[in-house]
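Novice: mind looking at a prediction? Sequence and model below.
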Amino acid sequence: MEDKTAISVAIVDDEADFTRLVIMLLKKRGMDVSFVAHDGQEAIEMFKNAHKKPDVILMDHHMKMMDGVEATKRILEISKDPRVIFLSADSHIKEDAVRAGACVFLNKPTGINEIINVIKNCR
């Protein structure tokens, strides 16, 4: 039996092509996109103002205004509820991401099926 409530996902990544692809594939799989932010500071503001907070946040590391590790810390100070999945080519920051509160660290590039499976199992 499938859960009636769609998983709500926020995407925090400054790569527009990647973001568009992930949005399309999440929606195709029946998931809701709560918001899309292109840097950590924007993600914090959008999280604060979100009518329905996301269940899962896909978080990149390298962004202009604030990196993903700092954004993860600040978002989880607001609410411990969302599960943060870190996606980054910077494997050396894995420990920092997990210490900040990420439940999973995936190295970029990562296949969309792996991302979808992790989202479904990270709830």
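Specialist: Received the coordinates, thanks. Numbers count the residues shown, from 1 in each chain.
Novice: now do the strands in the chain.
Specialist: In the chain, the strands defined using DSSP state E lie at 8-12, 32-37, 56-59, 83-88, 102-107.
Novice: who does the last one pair up with?
Specialist: This points to strand 102-107. strand 83-88 (parallel) (DSSP bridges).
Novice: low-confidence ranges in the protein?
Specialist: The model of the chain has pLDDT under 70 over residues 1-4, 123.
Novice: longest helix anywhere in it?
Specialist: helix 16-28 (DSSP state H).
Novice: which parts of it are buried?
Specialist: Of the residues in helix 16-28, Phe18, Thr19, Val22, Leu26 count as buried by neighbour count, 16 or more other C-beta atoms under 10 Å. Just so you know, the C-beta spots here come from the backbone N, C-alpha and C atoms, and that holds for glycine as well.
Novice: can you pull the contacts of Leu21?
Specialist: Ile112 (C-beta atoms under 8 Å, 6 or more residues apart in numbering).
Novice: now, among the buried residues of helix 16-28, which is nearest to Thr5?
Specialist: Of all those, Thr5 sits closest to Leu26, with 14.7 Å by C-beta to C-beta.
Novice: just checking, the closest one touches Val9?
Specialist: Yes. Taking contacts as C-beta atoms under 8 Å, Leu26 lies within contact range of Val9: 5.6 Å.
Novice: shared neighbours, the two?
Specialist: Asp32, Val33, Ile119.
Novice: for Ala43, state which of those is nearest.
Specialist: Nearest to Ala43 among those, with distances taken as C-beta to C-beta, is Val33, at 13.3 Å.
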